[in-house]
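Enquirer: sequence and predicted structure are below.
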Amino acid sequence: MLEIWLIGIGTGNPDHLTREAERAIRASDLVLLPHKEDNKAELAQVRLQLLEQLDVPSERVAHFDMPLRRQQGDDYDLQVDEWHNAIARRWSDCLEERLAFGGGRVALLVWGDPALYDSTLRIASRLGLASHQVHVVPGITSMQMLCSAHGIALNDIGAPFLVTTGRQLRDHGWPDDVDTLVVMLDGQCSFEQVSEPDAVIYWGAYLGMSQQMLMSGPLAEQASRISEQRRNARQQYGWIMDIYLLRRPPRPTSLHRSVAIA
């Protein structure tokens, strides 16, 4: 029977793997290893080094090239759907080529956690497998890494927070009913468009890696500096994975506002 194991590996630091993740990787018959553009070869290398430290032999690793997502047009949802279908076909080709009789345990190493802003579960659903054939091993998220690196709490006392994307922040702004935002997948530096005079930002890139970068402070002071640091890092390494937390002072409730007016 074919089993797919989606294993969260955090930011690639082997010290952050759970023991469950280690067991699942070692027990796999095949590990699917994606390769992106040449300037992102280091990402595949991080996964390879992790597998080597876990004594996974190279013959149990199946390499494949990630298809590129079409980015022309304003049909974003359709672009993503086409892309996911193309990735699922690459997976199927690897499985057909490498697994005898179509059975075995197949592992995919997922940055962060497979359940948080990652599409691996959605892609796996396109293979037509039953629910008991797909297993998820949770991993440390970049959100946890960011807060730990800065030594901050994710939420204020008794207060909610929102995990969102750069696209959502640009298109819809900062929601009125939440004062802490964690922003992921932001290649456009959307924090530059935030006009909250008292907001602070906690930014991190390459979290858990040797080139880890951290910056924090009032958003109005740090926005341009972070954008410059981000451009320089991307030019130096050819890729960047970053995340940031935005926080503003709590806004008065409608009751407080009415009392103040009275």
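Expert: Thanks, I have it. Numbers count the residues shown, from 1 in each chain.
Enquirer: make it CA atoms for all contacts and neighbour counts henceforth
Expert: Fine.
Enquirer: Gln212: neighbour count?
Expert: For Gln212, the tally of surrounding residues (other CA atoms under 10 Å) stands at 12.
Enquirer: tell me where the stretch 1-150 of the chain has helices.
Expert: 19-26, 41-53, 76-98, 120-124, 142-150 (DSSP state H, counting those that start in this stretch).
Enquirer: elements contacting the third one?
Expert: Just to be clear, that refers to helix 76-98. Packing contacts for helix 76-98, counted by 3 or more CA pairs under 8 Å, 6 or more residues apart in numbering; DSSP states H and E, involve strand 30-35, strand 61-65, helix 120-124.
Enquirer: could you give the angle of the longest one to helix 76-98?
Expert: Between the axis of strand 30-35 and that of helix 76-98 there is an angle of 130 degrees, by axes from the mean of the first three to the mean of the last three CA atoms, to 10 degrees.
Enquirer: quick one, domains of the protein?
Expert: As assigned by automatic domain parsing, the chain contains the domains 2-140, 143-251.
Enquirer: in a markdown table: those domains, plus mean pLDDT.
Expert: Converted to a markdown table, the domains of the chain look like this (pLDDT from 0 to 100):
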| stretch | mean pLDDT |
| --- | --- |
| domain 2-140 | 92 |
| domain 143-251 | 96 |
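Enquirer: strands of the stretch 151-262 of the chain, start to end?
Expert: Ranges of strands in the stretch 151-262 of the chain, per DSSP state E, counting those that start in this stretch, are 162-165, 180-184, 200-205, 213-218, 242-247.
Enquirer: give the pairing partners of the third one; include direction for each.
Expert: Put plainly, it is strand 200-205. strand 213-218 (antiparallel), strand 242-247 (antiparallel) (DSSP bridges).
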